[in-house]
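Engineer: Turn this into a structure:
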Amino acid sequence: MSVFARLIKQKPIVPLAAALVFSMLAFGGCTRHKHIVVESGRAEDYYCSFYEDGTVEITSYTGSAEELKLPNRIGEYDVVGFGVKAFDGCVGLKRVYIPPTVTSLPSKLFNACPDLEAVYFSESVKTVGKNAVFECPSFKTVLFGGSAEEWDGVFIGTVPWTDNYEIVNSEIVFDYVLN
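Structural biologist: Next up is the predicted model:
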């Protein structure tokens, strides 16, 4: 009898766990992160997932800043990403500066932020997820640290007029230097 078959005969929760493990093994598991969460918790105005490889993902912002320069590091961990809707419903937040340690922005990163006007990110960002800026009626500017040619190399998931409408229709300021 296989290990999987033996697990199914056990308690009701075990088959579910076994099915999850089996699907992860059979289908390659998580494609987003190839590392393990060692701790989740709060660090200042951020909820975070800390990974065993020394990186951290900001999963939620709880502060009330009008202008927010996100850190490159939280403690000993390099900030490498964000959770979906990490900046959900942030009223009063007008400008956000993404650190150069981040290479991709997830779907609906800025969701329903009525006052958000501009986001800065460096040329390190190579992928912008579907509707990364969504339902942000004041949004009008992307401040990009790279050139127009580098901007052309950024993958912005778009279906005309629906996905990333706010980014695609915003002013792009190239070669923006962050002070």
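
Engineer: Domain map for the chain?
Structural biologist: What automatic domain parsing lists as the domains of the chain is 1-31, 33-173.

Engineer: Parallel or antiparallel, list what pairs with the helix or strand containing Phe50.
Structural biologist: Assessed by DSSP states H and E, Phe50 sits inside strand 46-51. Sheet pairing for strand 46-51, assigned by DSSP bridges, gives strand 37-43 (antiparallel), strand 55-61 (antiparallel).

Engineer: chain center to that strand: distance?
Structural biologist: Centroid separation for strand 46-51 versus its chain: 12 Å, with C-alpha atoms, centre = their mean, to the nearest Å.

Engineer: Rounded mean pLDDT for that strand, please.
Structural biologist: Strand 46-51 comes out with an average pLDDT of 96.

Engineer: hmm, who's touching it?
Structural biologist: Residues from elsewhere that reach strand 46-51 (C-beta atoms under 8 Å, 6 or more residues apart in numbering): 33, 35-42, 56-63, 74, 77, 83. C-beta: built from backbone N, CA, C; applies to glycine.

Engineer: Derive a ChimeraX selection command for the buried subset of those residues.
Structural biologist: Those of these that count as buried under 16 or more other C-beta atoms under 10 Å are selected in ChimeraX with:
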select :56,57,58,59,61,74,77,83
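
Engineer: What confidence value was assigned to Asp163?
Structural biologist: What the model reports for Asp163 is a pLDDT of 83.

Engineer: coming back round to it: let me have the strands paired with strand 46-51 in CSV, extended by mean pLDDT and distance to Gly145.
Structural biologist: Putting those into CSV (pLDDT from 0 to 100; distance: least, C-beta to C-beta, whole Å) gives the following:
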stretch, mean pLDDT, distance to Gly145
strand 37-43, 92, 25
strand 55-61, 97, 19
